[in-house]
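Chemist: what's the 3D shape of this:
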Amino acid sequence: QVQLQESGPGLVKPSQTLSLTCTVSGGSITAGYYYWTWIRQPPGKGLEWMGAMAWSGVTYYSPSLKSRTSISRDTSKNQFTLQLSSVTPEDTAVYYCARGLIPGRIPERNYWGQGTQVTVSS
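Modeler: Predicted coordinates:
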């Protein structure tokens, strides 16, 4: 059974870079035809697809966040990482990692992390 777990700081200062890591267990991030995805949900708003890295290492980003977003991976640790630069309070949200089948689409809830709250504040 594939499981995902987000980790990272819960508080980030404005203008800094937010960095979150998703650790995957029960399956390799380089196997299958999956898209390892980052999603967020700001308070009182809906889910937003941020970006994904395919099993092959190819990355996909939301056009609205592309200039500030980077996704990388460490295959030796079976982890993938989100970096979001120049954050503002509008980036405050619960951040989720998930396994998806189609880039650009919010994955089904089968394989999601539990989510981690990130607050941007000075």
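Chemist: Using CSV, write out the CA atom coordinates for the strand or helix carrying residue 53.
Modeler: Assigned by DSSP states H and E, residue 53 belongs to strand 48-54. What follows is strand 48-54 as a C-alpha-only set of coordinates in CSV (Å, rounded to 0.1, in the frame of the first residue of the first chain):
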residue,chain,number,x,y,z
GLU,A,48,-5.3,24.1,-6.4
TRP,A,49,-3.1,21.8,-8.5
MET,A,50,0.4,23.2,-8.2
GLY,A,51,2.6,20.9,-10.2
ALA,A,52,3.8,17.3,-10.6
MET,A,53,6.8,15.2,-11.5
ALA,A,54,6.3,12.1,-13.6
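Chemist: Phi first, then psi, for residue 67.
Modeler: Main-chain dihedrals, residue 67, degrees, to the nearest 10: phi -70, psi -20.
Chemist: mind listing the strands for this structure?
Modeler: Assigned strands in the chain, in chain order: 3-7, 11-12, 18-25, 35-41, 48-54, 59-61, 69-74, 79-84, 93-100, 116-120 (criterion: DSSP state E).
Chemist: ok, so what distance separates the residue nearest the centre of the chain from residue 122?
Modeler: Using C-alpha atoms, centre = their mean, the residue of the chain that lies closest to the mean C-alpha position is residue 38, 2.5 Å off. Residue 38 is 24 Å from residue 122, where distance means C-beta to C-beta, to the nearest Å. Where you see a C-beta, it was placed from the backbone N, CA and C, and this is true even at glycine.
Chemist: Ok, residue 53 next?
Modeler: 31 Å.
Chemist: The two - which one has more neighbours?
Modeler: The neighbour count for residue 53 versus residue 122, taken as other C-beta atoms under 10 Å, is higher for residue 53 (23 against 9).
Chemist: ok, the more buried one - contacts?
Modeler: Residues in contact with residue 53 (C-beta atoms under 8 Å, 6 or more residues apart in numbering) are 29, 35, 36, 59, 60, 71, 72, 73, 80.
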